[in-house]
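Chemist: predicted structure and sequence below. I'll ask about it afterward.
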Amino acid sequence: AGEAREARAAREARQEAAREAEALARARIREETEQSPDQLRAGLGEIDLTAPVDRLEQEIARLRGAREALGAVNLRADEDKRALEAERDGLAAEKTDLEEAIRKLRAGIGSLNREGRERLLAAFETVNANFATLFTTLFGGGEARLVMVESDDPLDAGLEIMCQPPGKRLSTLSLLSGGEQTLTAMALIFAVFLANPAPICVLDEVDAPLDDANVSRFCDLLDEMTRRTDTRFLIITHHAVTMGRMDRLFGVTMVEQGVSQLVSVDLKRAEALVA
């Protein structure tokens, strides 16, 4: 009976020591990992807990080495995360604003292009009709027109002048003679003036390549333009026919050697005085 009591007391002592060791182990585990043994056991996965102690200690050492290799814990991780999320949200909002601005800008460009095409085509038709009429007037016949080339879009297209003086084939401006090119260019200039008159038009020696008959046609066209528009034409010329058809002449004379003098003559008043 005494031996039995001693054996039972020894067992109870060992149990108490085991419970204390377990409690100490649990406390150490929670202190080191901030998890309970049950939580750790659930996360061990395929580790065989019935393996020999030395093998388990090797696995523990390996896991500790892997954990230490991760480095120190970043205590500012949550704060950095919030800052990055705020920056991301700000960039996303800016991206949305930029996309909306791009959409509005493209819509504005499209609207301007549509209006530009409409205005350009309307102006083109007006100038083209005026050009055809003035060309026929200057040449005493024939025909001419403007043609858009190189693109179907009026905003990107170029202009080609197609003209056919009386007795000649239809051709481009570059195939005409110098005088014909001058008359055609003047018809185009005045066609633009009829569509959108300017207060003043300066023509410098435009009649130089013309013979007397064409100069007279040019002066007739100037008279017609003066009647139809409010434009004041300033002609720089050395041609006597042109000077004789002007309302007022301005010139420079040298009465004495090296002394220039500006003179002007009102031809209409001079004609009245002569009469």
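Modeler: Now that the structure is in, tell me what you want to look at.
Chemist: any idea which helix or strand carries K268?
Modeler: Following DSSP states H and E, one finds K268 within helix 267-274.
Chemist: would you mind splitting this protein into its domains for me?
Modeler: The chain resolves into domains spanning 85-196, 197-274 when parsed by the TED database.
Chemist: could you save those as TSV and add columns showing mean pLDDT and mean neighbour count?
Modeler: The way it works is simple: take the backbone N, C-alpha and C, and place the C-beta from them, glycine included. TSV is the format used below for the domains of the chain (pLDDT from 0 to 100; neighbours: other CB atoms under 10 Å):
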stretch	mean pLDDT	mean neighbour count
domain 85-196	89	14
domain 197-274	85	13
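Chemist: distance to A66 added to these, as TSV?
Modeler: Converted to TSV, the domains of the chain look like this (distance: least, CB to CB, whole Å):
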stretch	distance to A66
domain 85-196	29
domain 197-274	87
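Chemist: out of those, the one nearest R28 is which?
Modeler: Closest to R28 of the domains of the chain is domain 85-196 (CB to CB; 37.2 Å).
Chemist: quick one, longest helix in the chain?
Modeler: Taking DSSP state H as the criterion, the chain has its longest helix at helix 77-139.
Chemist: beyond that one, next helix or strand please.
Modeler: Going down the chain from helix 77-139, the next helix or strand is strand 143-149, by DSSP H and E.
Chemist: which residues does that next one contact?
Modeler: Where contact means CB atoms under 8 Å, 6 or more residues apart in numbering, the residues beyond strand 143-149 that reach it are 124, 127-128, 131-132, 135-136, 154, 157-164, 170, 184, 187-188.
Chemist: give me the element the residue lying closest to N130 once chain neighbours are set aside is part of.
Modeler: Spatial nearest neighbour of N130, chain neighbours left out: A191 (3.7 Å); criterion: CB to CB, 6 or more residues apart in numbering. Per DSSP H and E, A191 falls inside helix 178-195.
Chemist: kindly report the same for D54.
Modeler: Using DSSP H and E, D54 falls in helix 53-69.
Chemist: pull that helix out as PDB, backbone CA atoms only.
Modeler: What follows is helix 53-69, C-alpha atoms only, in PDB (Å, rounded to 0.1, in the frame of the first residue of the first chain):
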ATOM      1  CA  VAL A  53      11.400  15.600 -31.400                       C
ATOM      2  CA  ASP A  54      14.700  16.200 -33.200                       C
ATOM      3  CA  ARG A  55      12.900  16.400 -36.600                       C
ATOM      4  CA  LEU A  56      10.300  18.800 -35.200                       C
ATOM      5  CA  GLU A  57      13.100  21.000 -33.700                       C
ATOM      6  CA  GLN A  58      14.900  21.000 -37.200                       C
ATOM      7  CA  GLU A  59      11.600  22.200 -38.800                       C
ATOM      8  CA  ILE A  60      11.100  24.800 -36.100                       C
ATOM      9  CA  ALA A  61      14.600  26.100 -36.700                       C
ATOM     10  CA  ARG A  62      14.000  26.200 -40.500                       C
ATOM     11  CA  LEU A  63      10.700  28.200 -40.000                       C
ATOM     12  CA  ARG A  64      12.400  30.600 -37.600                       C
ATOM     13  CA  GLY A  65      15.200  31.200 -40.100                       C
ATOM     14  CA  ALA A  66      12.600  31.900 -42.800                       C
ATOM     15  CA  ARG A  67      10.700  34.300 -40.500                       C
ATOM     16  CA  GLU A  68      13.900  36.100 -39.600                       C
ATOM     17  CA  ALA A  69      14.800  36.400 -43.300                       C
END
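Chemist: nearest to E16, out of the domains of the chain?
Modeler: domain 85-196 (53.2 Å).
Chemist: and the end-to-end length of the closest one?
Modeler: Across domain 85-196, the terminal residues are separated by 60 Å (CA to CA, to the nearest Å).
Chemist: stretch 225-236 now?
Modeler: Length of stretch 225-236, first residue to last, CA to CA: 17 Å.
Chemist: residues making contact with that stretch?
Modeler: If you take CB under 8 Å, 6+ apart as the criterion, stretch 225-236 is touched by 190, 193-194, 197-207, 222, 242, 246.
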